[in-house]
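Novice: 3D, please:
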Amino acid sequence: MKPGTMVGRHVLLSRLAVGGMAEIYLAKQLGPRGFERICAVKLIREVFASSDEHLTMFLDEARIAAQLCHPGIPQIYEFGESGGNFYLSMEYLAGASLSDLIDAARRAGKRLPIAPALKIASLASAALEYAHKRTDPHGRPLKIVHRDVSPDNIFVTFDGDVKLLDFGIAKAADRHAHTAAGFVKGKLPYMSPEQAEGTGSDARTDVFSMGVTIYEVLTGAHPFGSDPDQIVIGLAGQRPFPRPSESVRDVPAYLDQVVLRATALKRDQRMSSAGELHVRLEEWLRSVAPVTAYELATLIDTVMPGHRTSKRKVVVGALEEKPEVTDYAMKRVDAEPQELPPSPKVVEPPRATGRATTGETAIERPLHGSLAEPDAPTTPLRVPPPAKPSNVSRLERTVIDVGGGFSAPPKPVRPEATTALDVRVDDEEPSTGKSAAIWLFVVALAAAAIVFALVHHT
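Specialist: Predicted structure coming up:
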């Protein structure tokens, strides 16, 4: 899609990546009163837009991702439909994948520093454990299995955060799309034996994939090389899984044991959970030196110099282009009506937004519960001092005139014939003249009684 295309409340700015089923765009989410937020929008590729199978997979990904809320998993903002196509709006991540870091170090003839590399794997394992243990609101396990753990799907941001990406082929209890017998999903170099054979997967399947990833960050290479045939032979158990120290001598024996336990070919001999793998890695890191988020952020600048600047230029360039958005698209953004509370029936003042000033304090506020239009001019209103008692009823003294001061509304029209239950609003307070006459009559009556008593007594 070209820049400027409106997808729901999002303006697409530039394409970031293209995958097997979907493509991801840098986008800007729009909202009321000039609200904007940079985000990423994931769309099904047009070639698969009419495929029920791919559509179901995309809906499953949205359903699973919406139930995950963890610092190590990208935040989902919105799932919707626009122009007959579904989209997924999510947190935009600026940084580099673990795969990019490994490749950049390899091109420079180096390996990633052991401690920061293992910290990345440890944080990703913690996010994986959260997904495995996630339950629905009733406490029932969701039984999520990622099935695509690899360096490509582990991301490090420029702030030093680690994110586990892409639950697109994840397995879950409530998933609608199911893998047919004899078919496998995932990347072959990181598949567990049971996943490659299509005999079922569970949390330990992801543990195996994470173990292979840890081997790669320690050595800079895959344990069975890049030849697919050798990978298949290794996964079939016809070749023992190598120790990392066989390729890199400075890898401690403790880490050899961690990798071998995570990558045991038989599931019952493997680490039981990603949480256990996280704990083992953290134990080693504490014994050596804790790794901070700042160190992970600077790792990108060290291994990939200039990468931060190039990524920033992509975002800034996309924002400065300001692609033209069609009128139809803008109407889609502004067409969300807002429900207002019902106005009082006795008095219907005009809707406006004003500035109420009390002394030297100015307060911007809507009048009578109405919402001002974004471009509506504001009218200065000055709140006068309390009015002195008068013949005006309490109801009439509560209405603020938009032009300033107080103004009494027209009196309500009353029916000619009233019943005993009718209440006259303007008689709620007696007038000053009637009150004086009553008091004079009472005083005169009392004086006459006193005179009569004196005469009768004498």
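Novice: is V149 in contact with S192, as I believe?
Specialist: No. The pair V149 / S192 is not scored as a contact, 9.9 Å apart, by Cβ atoms under 8 Å. Quick note: C-beta positions are derived from backbone N, CA and C, even for glycine.
Novice: how much space between A22 and V41?
Specialist: Distance of A22 to V41, computed by Cβ to Cβ, to the nearest Å: 10 Å.
Novice: which one of these two is surrounded by more residues?
Specialist: Neighbour count, other Cβ atoms under 10 Å: between A22 and V41, V41 has more, with 29 against 20.
Novice: give me phi/psi at the nearest residue to that one once chain neighbours are set aside?
Specialist: Leaving aside its sequence neighbours, V41 sits nearest to A27 (Cβ to Cβ, 6 or more residues apart in numbering; 4.3 Å). In terms of degrees, to the nearest 10, the main-chain angles of A27 are phi -140, psi 170.
Novice: hey, what's A27 bridged with?
Specialist: A27 forms beta bridges with L12, C39, as assigned by DSSP bridges.
Novice: all helices for this protein, in order.
Specialist: Under the criterion DSSP state H, the chain contains helices at 52-66, 98-107, 114-133, 193-197, 203-219, 228-235, 253-262, 274-288, 293-303, 307-321, 327-334, 432-457.
Novice: could these be laid out in JSON lines, adding mean pLDDT, mean neighbour count and distance to D268?
Specialist: Shown next, in JSON lines, are those (pLDDT from 0 to 100; neighbours: other Cβ atoms under 10 Å; distance: least, Cβ to Cβ, whole Å):
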{"stretch": "helix 52-66", "mean pLDDT": "83", "mean neighbour count": "18", "distance to D268": "27"}
{"stretch": "helix 98-107", "mean pLDDT": "95", "mean neighbour count": "18", "distance to D268": "29"}
{"stretch": "helix 114-133", "mean pLDDT": "96", "mean neighbour count": "23", "distance to D268": "17"}
{"stretch": "helix 193-197", "mean pLDDT": "86", "mean neighbour count": "18", "distance to D268": "11"}
{"stretch": "helix 203-219", "mean pLDDT": "95", "mean neighbour count": "26", "distance to D268": "9"}
{"stretch": "helix 228-235", "mean pLDDT": "74", "mean neighbour count": "16", "distance to D268": "17"}
{"stretch": "helix 253-262", "mean pLDDT": "96", "mean neighbour count": "18", "distance to D268": "12"}
{"stretch": "helix 274-288", "mean pLDDT": "96", "mean neighbour count": "17", "distance to D268": "14"}
{"stretch": "helix 293-303", "mean pLDDT": "95", "mean neighbour count": "17", "distance to D268": "34"}
{"stretch": "helix 307-321", "mean pLDDT": "88", "mean neighbour count": "13", "distance to D268": "42"}
{"stretch": "helix 327-334", "mean pLDDT": "37", "mean neighbour count": "13", "distance to D268": "54"}
{"stretch": "helix 432-457", "mean pLDDT": "72", "mean neighbour count": "9", "distance to D268": "97"}
